[in-house]
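Undergrad: take this sequence and fold it.
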Amino acid sequence: MLAACGGGSTAAPTPELDPAAAQGLGVFNRNCAACHALSPDTVIVGPSLARIAARASDRLPDLDARAYVEMSILKPSAYIVQGFSDVMPKDFGKKLTGEELDALVAFLLTLQ
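TA: Got it, this is the predicted structure:
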């Protein structure tokens, strides 16, 4: 009877990503996933990026979420999350194309 009433647990549906964010997920998997988790409270090397879009909007008073995320990728030493070392590679601005950077930021901004 519980099954008929929906008593089983179900995972929240995964939102569909627009094409840019889907491309950004691939960029993330190739360049970021070895050090950053998408699960809350999971630390690999750097901080978890779960809910980064929500958290980024109030990290620095002069930057909105998009600007903060871009700065964190291109100039990672500019703001270090408390409790973490300054070990993020500094050359993503050279490694990623403009399209890849935009896609990565688009993906990260879906992480509400």
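Undergrad: which parts of the longest helix anywhere in the chain are buried?
TA: Criterion DSSP state H: the longest helix present in the chain is helix 19-31. Burial within helix 19-31, assessed by neighbour count using 16 or more other Cβ atoms under 10 Å, is assigned to 21, 23-25, 27-28, 31. Glycine gets a C-beta too; all of them are placed from N, C-alpha and C.
Undergrad: a markdown table for those residues, including pLDDT?
TA: Shown next, in a markdown table, are the buried residues of helix 19-31 (pLDDT from 0 to 100):
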| residue | pLDDT |
| --- | --- |
| 21 | 97 |
| 23 | 97 |
| 24 | 97 |
| 25 | 97 |
| 27 | 98 |
| 28 | 98 |
| 31 | 97 |
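Undergrad: quick check, nearest of these to residue 43?
TA: Closest approach between the buried residues of helix 19-31 and residue 43, by Cβ to Cβ: residue 28, at 16.5 Å.
Undergrad: does the closest one touch residue 106 like I think?
TA: No. Between residue 28 and residue 106 there is no contact under Cβ atoms under 8 Å: 10.5 Å.
Undergrad: for this structure, give me the ranges with low pLDDT.
TA: In the predicted model of the chain, residues 1-15 satisfy pLDDT under 70.
Undergrad: just to revisit the earlier point, helices or strands up against the longest helix of the chain?
TA: Contacts defined by 3 or more Cβ pairs under 8 Å, 6 or more residues apart in numbering; DSSP states H and E place helix 19-31 against helix 98-108.
Undergrad: send me the helix it packs on as PDB with only the CA atoms.
TA: Extracted C-alpha coordinates of helix 98-108, given in PDB (Å, rounded to 0.1, in the frame of the first residue of the first chain):
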ATOM      1  CA  GLY A  98      36.300  32.300 -24.600                       C
ATOM      2  CA  GLU A  99      33.500  30.000 -25.500                       C
ATOM      3  CA  GLU A 100      34.600  27.300 -23.000                       C
ATOM      4  CA  LEU A 101      34.800  29.900 -20.200                       C
ATOM      5  CA  ASP A 102      31.400  31.300 -21.000                       C
ATOM      6  CA  ALA A 103      29.900  27.800 -21.100                       C
ATOM      7  CA  LEU A 104      31.600  26.900 -17.800                       C
ATOM      8  CA  VAL A 105      30.300  30.000 -16.100                       C
ATOM      9  CA  ALA A 106      26.800  29.300 -17.600                       C
ATOM     10  CA  PHE A 107      26.900  25.800 -16.100                       C
ATOM     11  CA  LEU A 108      28.100  26.900 -12.700                       C
END
